[in-house]
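[1] Need coordinates for the below:
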Amino acid sequence: MEYHEMNEDTWIHYNDDHYFVYEEHGNYFEILTSAWSPETRQSLFKTEFPIEAKIVEPPKYQKGQSVLYKGFDINYINKLGTIDIVQLEDKLYSYRIYFQHDQTNLWATPYEVEPVDY
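    Just a heads-up that it's a prediction; the model follows:
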């Protein structure tokens, strides 16, 4: 992939993981593995291109669907929840998951959840 092929607000598959292309800063892109934090943020500079990456379409889920949370919040990893809000216009945090066991919810990326089929 060439630098000019990357766009903000898209998902890419890079280094065997999924990254959200968060923002362009002129000579580099800021990419996130899940959400903005120092631990998940990386920079891809123009001088590093071309890179082995491709644009991907994230998985889609439905309101009411049961999922396992696989994200970074250690209080909810591998906990069963239900998607109660789908907000596809937000390409990073598209899904809110409700956890019945403690009656809380959190927002998740498409790659932080895994569908559960009964």
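
[2] Buried residues of stretch 20-32, list them for me.
    For stretch 20-32, the neighbour count (16 or more other C-beta atoms under 10 Å) marks F20, V21, Y22, Y28, F29, E30, I31, L32 as buried. C-betas here are computed from N, CA, C, even on glycine.

[3] can you list the weak-confidence ranges in the protein?
    34-39, 118 (pLDDT under 70).

[4] Check what contacts stretch 3-21 and list those residues.
    Contacts to stretch 3-21, defined as C-beta atoms under 8 Å, 6 or more residues apart in numbering, come from residues 1, 22-24, 29-34, 42, 44, 46, 49-58, 91-92, 109-111.

[5] In helices only, show me the buried residues of stretch 20-32.
    Judged by DSSP state H, helices contain none of the buried residues of stretch 20-32.

[6] Could I get the contacting residues of K70?
    Applying C-beta under 8 Å, 6+ apart, we find K70 in contact with I77, N78, Y111, E112, V113, E114.
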